[in-house]
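Asker: heads up, no residue letters with this:
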Ligand code: FES
Ligand SMILES: [Fe+2]
């Protein structure tokens with residue numbers, strides 16, 4: 001087996017400040033310069049299986065581009081941004097690595113009469129429709145839409161400000177037959193371009209999943225709904241998810257029409273950013289069919305979405321959960 005031997009995989013000068021992905025016997029490996037020297041890790045974040053090589057090297061550690069988990073030269077998880085307690089025991093496999101003569105070497109739903117459309121149906125709202133298409137699964141794509149913690153990384157500047165300032169937020173998770181929702185209160189208005197352009201004061205945010213594959217986000221201000229999206233996702237083929245969605249804003253006159261014009265392109269940019277991490281995770285999932293994603297301490301909805309998708313009542317239907325996070 002070739003992986004028992006030292007294999008030349010890159011030139012030393014290929015590995016500068018950015019991580020580099022190399023393949024060895026079908027296995028992707030990420031090379032980067034850690035605090036204690038050149039490091040080779042299996043190129044797969046244990047959290048959602050995203051390619052670590054799509055992230056960056058910061059303070060001698062590699063940072064995943066999805067939620068920012070960090071891994072040092074030993075492959076151990078050293079940070080879960082936003083989480084204050086014990087770190088998950090997740091680690092990435094390390095490979096032996098050395099440099100010689102300028103080269104790098106490594107070794108090993110009941111149906112209802114009329115379909116549900118969107119969260120503000122029947123109200124005086126302005127809507128724009130969008131289509132999407134991503135290499136992923138419905139559960140991963142739905143979770144992605146409802147996951148507030150990835151916005152700091154995947155959507156920096158767009159949905160979040162450029163600073164990494166966070167605020168303590170309360171999250172209440174409730175659910176019932178065929179639905180689960182997370183309600184966020186205590187947030188600052190987000191500093192990204194979208195919020196600064198389209199939103200006023202924010203009082204609460206709701207992320208909701210409905211059977212069979214509907215993900216919706218609602219942003220509420222003191223006078224009611226300020227912005228919302230409802231996305232219907234379906235598994236078009238084993239590795240492709242297609243979505244039909246509504247972008248929704250209150251009909252408050254001419255200003256609202258202008259905002260609606262701006263919302264769609266910004267939303268499409270966000271979709272593009274999400275597509276990158278989702279397809280990255282999907283590619284790695286195909287390489288490791290048995291790899292089980294780690295449930296992180298901030299993944300509030302994953303198990304409930306999975307329960308609903310398999311026709312079971314989500315756990316939170318019995319006991320609502322309250323979390324506090326730095327968002
Ligand atoms: S931090 Fe890597 S996939 Fe979430
Ligand atoms: Fe996203």
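Answerer: Structure's in. What do you need? Source: prediction; values computed, not measured. Numbering: from 1, shown residues only. Ligands and ions are numbered 1, 2, ... in the order given.
Asker: Sketch out the low-pLDDT regions of the stretch 151-300 of the chain for me.
Answerer: 164, 188-191, 199 (pLDDT under 70).
Asker: can you give me the helices in it?
Answerer: For the stretch 151-300 of the chain, the helices defined by DSSP state H, counting those that start in this stretch occupy 151-154, 193-198, 254-287.
Asker: What parts of the stretch 1-150 of the chain come near ligand 1?
Answerer: 45, 47, 48, 50, 64, 66, 67, 68, 69 (C-beta under 6 Å from any ligand atom). Any C-beta I mention is one placed from the backbone N, CA and C, and that applies to glycine too.
Asker: on that earlier part again, indicate which one of the helices of the stretch 151-300 of the chain is closest to ligand 1.
Answerer: Closest approach to ligand 1 among the helices of the stretch 151-300 of the chain is made by helix 254-287 (6.9 Å; C-beta to the nearest ligand atom).
Asker: Could you export the residues of the stretch 1-150 of the chain next to ligand 1 as a markdown table, including neighbour count, pLDDT and secondary structure?
Answerer: Formatted as a markdown table, those follow (neighbours: other C-beta atoms under 10 Å; pLDDT from 0 to 100; DSSP: H, G, I helix; E, B strand; the rest coil):
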| residue | neighbour count | pLDDT | secondary structure |
| --- | --- | --- | --- |
| 45 | 31 | 98 | coil |
| 47 | 22 | 97 | coil |
| 48 | 26 | 97 | coil |
| 50 | 29 | 98 | coil |
| 64 | 28 | 98 | coil |
| 66 | 27 | 97 | coil |
| 67 | 25 | 97 | coil |
| 68 | 21 | 97 | coil |
| 69 | 29 | 97 | coil |
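Asker: from the residues you listed, which two are the most distant?
Answerer: 48 and 68 (11.9 Å; C-beta to C-beta).
Asker: that older thread, would you mind finding the most buried of the helices of the stretch 151-300 of the chain?
Answerer: helix 151-154 (a mean of 22; mean count of other C-beta atoms under 10 Å).
Asker: Quick one: list the elements packing against that one.
Answerer: helix 254-287 (3 or more C-beta pairs under 8 Å, 6 or more residues apart in numbering; DSSP states H and E).
Asker: ok now the helix it packs on, how far from the chain's centre?
Answerer: 11 Å (C-alpha atoms, centre = their mean, to the nearest Å).
Asker: Is whichever helix or strand comes after it positioned near ligand 1?
Answerer: Downstream of helix 254-287, the next assigned helix or strand under DSSP states H and E is helix 302-309. No - interface with ligand 1: helix 302-309 contributes nothing (C-beta under 6 Å from any ligand atom), its closest point being 11.6 Å away.
Asker: Ramachandran angles for the residue of the chain most remote from its centre?
Answerer: Largest separation from the mean C-alpha position in the chain: residue 101, at 40.3 Å (C-alpha atoms, centre = their mean). Main-chain torsions, residue 101, degrees, to the nearest 10: phi 50, psi 40.
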